[in-house]
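Visitor: Fold the following and give me the result.
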Amino acid sequence: MTSIELSPALIVEDDPATRRRLHALLVGLLGADAVITTADSVASAMAAAGKERFALALVDVGLPDGNGVDVIAWLHMHAPDTVSVVISTWGHEDTVLAALRSGATGYLLKESEDIELSLSLKSLRRGGAPIDPVIARRILAQVSVPEPTVETDKTSTPQLSERELEILHLVARGYSNPEIAAMTGLSRFTIEDHTKKIYRKLAVNSRMAAVFEANSLGLLK
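Guide: The predicted structure follows:
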């Protein structure tokens, strides 16, 4: 399996102790020769990203001069190859959804143990989209509970094909693209193509954002 490069990396965090913690985690994951830049605000993060291309950005939500989600949105627009992951104490569903819709690949909580964060970040190398288990349980709980039936304007609801709906349900259950390919008998590249079409129709940029959006539209009943 192809490994995704995660260096150089950018840490966007205003708390010095947390910056040191994340720096140490990245050194442990990427090695002592990894290139790691730190920023303590929205402005300094954008300034750094404007001068250098980063493979990975670890971004806090609450920053002195604004919201880390704005950094993720900026990176998604100006540096789309950067893998952005939120590491925050804020885990409210609205904040998570805003981050995912803005282009975040994952969402982790600072309260996690170092080993948990390290394993989550390591999954990025395999193309994973790490979501803190606490947040993932909230998402799955929302997906598994049917919403009351309401009349909706069908012209405003994205029209997904039967195959796309099948894949979307498997995504919501936590299966990876290779696992979905094995289950459906399709190639991994075909699954990736369907996934991109689902993202485009739902106007999202990640798996978890697709699950959130599809659930809100009643597509996962």
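Visitor: From here on, just use CA atoms for contacts and neighbour counts.
Guide: Will do.
Visitor: and after the helix or strand bottoming out on mean pLDDT in the chain, which helix or strand comes next?
Guide: Counting by mean pLDDT, DSSP states H and E, the weakest-scoring helix or strand in the chain turns out to be helix 133-144, with a mean of 65. Moving toward the C-terminus from helix 133-144, the next helix or strand (DSSP states H and E) is helix 162-172.
Visitor: neighbouring contacts of that following helix?
Guide: The contact list for helix 162-172 (CA atoms under 8 Å, 6 or more residues apart in numbering) reads 140, 143, 180, 191, 194-195, 198, 207-208, 211, 219-220.
Visitor: Just these: which are in helices?
Guide: Judged by DSSP state H, helices contain the following of these: 140, 143, 180, 191, 194-195, 198, 207-208, 211.
Visitor: From these, which one has the minimum pLDDT?
Guide: pLDDT across these is lowest for residue 143, at 51.
Visitor: buried ones in stretch 212-221?
Guide: Using 16 or more other CA atoms under 10 Å as the test for burial, stretch 212-221 gives 212-215, 217-220.
Visitor: Any idea how far it is from the middle of the chain?
Guide: Here stretch 212-221 is found 18 Å from its chain centre; the criterion is CA atoms, centre = their mean, to the nearest Å.
Visitor: what does the average pLDDT come to for that stretch?
Guide: 77.
Visitor: can I get the buried residues of stretch 212-221 in JSON lines with distance to residue 27?
Guide: JSON lines is the format used below for the buried residues of stretch 212-221 (distance: CA to CA, whole Å):
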{"residue": "212", "distance to residue 27": "33"}
{"residue": "213", "distance to residue 27": "35"}
{"residue": "214", "distance to residue 27": "37"}
{"residue": "215", "distance to residue 27": "38"}
{"residue": "217", "distance to residue 27": "41"}
{"residue": "218", "distance to residue 27": "43"}
{"residue": "219", "distance to residue 27": "42"}
{"residue": "220", "distance to residue 27": "40"}
